[in-house]
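# I'll drop the sequence and a predicted model, then ask my questions.
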Amino acid sequence: MENNVILSVSDVSKHYKYYKTLFDIKKNVIKAVDGVSFEVYKNEVFAVVGETGCGKSTLSKLILGLTEKTSGEIYFKGELLDYKNKKKDFRKKIQILFQDPYSSLNPKKKIYKIISYPAVRNGIIKNKKKDRMEFALEQLKIVGLPETTALNYPHMLSGGQRQRVGIARCLSVRPELLILDEPVSALDVSVSAQILNLLMDLKNETGMSYIFITHDLKLVRHIADRVCVMYGGKIMEIAETDDFFKNPSHPYSRSLLESMSFLTSTRRNL
Amino acid sequence: MSLDINNLTVELCAGKDENECINVVDTLFLSVKEGEVVSIVGESGSGKSFLGLSILKLNPQGVSRIVSGEIKIKCKSQNIEADILKLKPDELTDVRGKIISMIFQDPNTSLNPVMKIGEQITEAILVHKKISKKEAKDIAVKYLNYMNIDGLARFNSYPYELSGGMRQRVMIAMAMVLNPCFLIADEPTTALDVTTSLQVLKLIKEIKEQSNVGIIFITHDLTVARSISDRTYVFYAGQIMESGNTENIINNPAHPYTVSLIKSIPSLSPDYVPKQKLFNISGYLTKDDFKKGKCRFYSRCFKRDDGCLNDIALRSFRDAENGGKYRRDVRCVKFNSDAVIK
């Protein structure tokens, strides 16, 4: 498995410091992510679960380099992940799909511009309308949207279609690792099934790895290979999905599972 | 004590053209009894929130109007028996909050951010009851305690000082503080995460048992509906597609839409095989689906044929389970059973 490691996070922390009142002499510290280590393998779905405020989103920001880490190191394919290193171009290799497709697309731009922008920015295609259009049409085909969408604005699309545009935008730079930040929690059940199927197909075709951030254990069971449970900025448990659902070892995992099984089993349990 | 909606039709007109009007709620029959939880399940855009607003006549005026129907309420503890649609505006104010109250979806936006939560709750009391501020405060504190919030300590808190789950509990306290007969809960757990939504659901269940309030629970999540409701109405494009006992509907769905909905949810049951392709309903709910002259689910149905190109009527059957105790209404020509109720 050694060579298959695509992302290795070792002992990473993010502490936010702030003054509680105006006259505080010492800063208070919030440990949003505290000494987290894990590895993500190639072509794997690695699920991160936990409730609101447990540091899931901070963790994804750290991996994307959107916020400075306090300590620890992250390696991508054995190389130190440093977004300032222009030669390595890590930006191309790690992408994120956001939770809310209603606020993550620029309302002033047409869909083909939204999709092709990362490719232009990273020098994959030239900044010409013809090139961008061709590129966008290709991408739209991959995510199963009609070609006419290219000239639409985001407000003309439904939630599911917007999320597909989001996926097309992520894929435009051919990433090797995709962070999915609650990709279907803003969508309806029927539409979320479509998106999940699409994500699974894409993974099998391209051999990408996913970090799947969610609080819905049903999805984890369906899609993930391994599960990581976070609570209060720390990792409580990392386990294979099957083992996790059969025999969760940490008390917090058990209480999470209980609250889920309450929702899925009959009402008598309440 | 009961709330009966008979033949309710609500029209929504987007443009100036009369032909552009659609029936967002179409010939709807719904009833809630004392101490019963009834859930309305449907996807976004199906008109379920609109229905919730229409019951209180809070539907946006100008663009929508109630075409026909009646909403009969009977509430012994408040001594009222009336048809909401025939009430005058000031009588309606009495009904809202006092007899039927509502919990909204997003607790982050439905509380006033510049008012202390205690003030917001006492405001609701003082509008309806002629009592002193101090008495109102006592009631508010009592209800906050009842919702597992330290009433005295939190009375002077602002909404931003509370977590999402706490805010939703404040909303519930506010809705329950006048001891209403009915409660409309419009997706109260959607904005919350698993563990807190569980707490809120348990709380709603407790309230139901203790104060015998009748609850209309609007949700898009069948699993949530299953955990809390006695009966379920499956709502699509303004029409009831199927209704009946919740457990029976989930174990033995009759309408193709319900079947597809259940199939498209991954499950936690031990015999579920992960990583297979999920069943999905092709296409999207569009404005055209609201038009007359065909089954509203026609464009997305896997059982459709030319027989569906008519207006489909709701037919009633008896469920085979539980010794035929429960009634099942289905709006599908493809479904047949011997136990027809005429």
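In hand now; what should we look at? Residues are numbered from 1 along each chain as shown, chains lettered A, B, ... in the order given.

# Surely residue B:241 is in contact with residue B:331?
Yes: here residue B:241 lies in contact with residue B:331, judged by CB atoms under 8 Å, at a distance of 5.2 Å. No exception for glycine: its C-beta is placed from N, CA and C like everyone else's.

# Could you list the buried residues of stretch B:157-170?
By neighbour count on 16 or more other CB atoms under 10 Å in any protein chain shown, the buried set for stretch B:157-170 is B:157, B:159, B:162, B:164-170.

# of these, list those near chain A.
Taking CB under 8 Å from any CB of the partner chain as the test, chain A is in contact with residue B:164 out of the buried residues of stretch B:157-170.

# Relative to chain A, which of the buried residues of stretch B:157-170 is nearest.
The closest of the buried residues of stretch B:157-170 to chain A turns out to be residue B:164 (CB to the nearest CB; 6.9 Å).

# Tell me the spatial nearest neighbour of that closest one, not counting adjacent residues.
Setting aside the residues directly before and after it, residue B:164 is nearest to residue B:192 in space (CB to CB, 6 or more residues apart in numbering or on different chains), at 5.5 Å.

# Could you tell me whether that neighbour really is in a strand?
No: counting by DSSP: H, G, I helix; E, B strand; the rest coil, residue B:192 is not part of a strand but coil.

# which ones are touching it?
B:164-165, B:168, B:200 (CB atoms under 8 Å, 6 or more residues apart in numbering or on different chains).

# Among those, which lie within helices?
B:164-165, B:168, B:200 (DSSP state H).

# CSV for these, including pLDDT?
Listed next are the ones in helices among the contacts of residue B:192 as CSV, based on pLDDT from 0 to 100:
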residue, pLDDT
B:164, 83
B:165, 84
B:168, 89
B:200, 86
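
# Mind naming the longest helix for chain A?
Longest helix in chain A, counting by DSSP H: helix A:189-206.

# Which positions in chain B make contact with chain A?
B:43-44, B:164, B:193-196, B:198, B:201-202, B:205, B:220-224, B:226-228, B:246-247, B:260-261, B:264-269, B:272, B:274-275, B:277-281, B:284.

# mind redoing it with 7 Å?
B:43-44, B:164, B:193-195, B:198, B:202, B:205, B:220, B:223-224, B:226-227, B:247, B:260-261, B:264-269, B:274-275, B:277-281, B:284 (CB under 7 Å from any CB of the partner chain).

# Now do the strands in chain B.
For chain B, strands defined by DSSP state E occupy the ranges B:2-12, B:22-33, B:37-41, B:64-75, B:80-83, B:100-103, B:182-186, B:214-219, B:231-236, B:239-245, B:315-318, B:327-330, B:340-341.

# residues touching residue A:211, list them.
A:40, A:46, A:48, A:177, A:179-180 (CB atoms under 7 Å, 6 or more residues apart in numbering or on different chains).

# quick one: which of those residues is nearest chain B?
Of all these, residue A:48 has the smallest distance to chain B: 13.5 Å, by CB to the nearest CB.

# The closest one against residue A:56, yeah?
Yes: assessed by CB atoms under 7 Å, residue A:48 is found in contact with residue A:56 at 5.4 Å.

# mind checking the end-to-end distance for stretch A:50-65?
One end of stretch A:50-65 sits 21 Å from the other (CA to CA, to the nearest Å).

# Residues in contact with the lowest-mean-pLDDT helix or strand in chain A: which ones?
The helix or strand of chain A with the lowest confidence, counting by mean pLDDT, DSSP states H and E, is helix A:251-264 at a mean of 75. Helix A:251-264 is touched from outside by A:49, A:217, A:229, A:231, A:236-237, A:244, A:248, A:269-270, B:194-195, B:198, B:223-224, B:227, B:267-269, with contacts defined as CB under 7 Å, 6+ apart.

# likewise stretch A:16-32?
By CB under 7 Å, 6+ apart, stretch A:16-32 touches A:13-15, A:55, A:58, A:233.

# okay, those residues in JSON lines with distance to residue B:28, neighbour count and secondary structure next?
Below are those laid out as JSON lines (distance: CB to CB, whole Å; neighbours: other CB atoms under 10 Å in any protein chain shown; DSSP: H, G, I helix; E, B strand; the rest coil):
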{"residue": "A:13", "distance to residue B:28": "55", "neighbour count": "17", "secondary structure": "strand"}
{"residue": "A:14", "distance to residue B:28": "51", "neighbour count": "22", "secondary structure": "strand"}
{"residue": "A:15", "distance to residue B:28": "55", "neighbour count": "15", "secondary structure": "strand"}
{"residue": "A:55", "distance to residue B:28": "45", "neighbour count": "24", "secondary structure": "coil"}
{"residue": "A:58", "distance to residue B:28": "46", "neighbour count": "22", "secondary structure": "helix"}
{"residue": "A:233", "distance to residue B:28": "48", "neighbour count": "22", "secondary structure": "coil"}
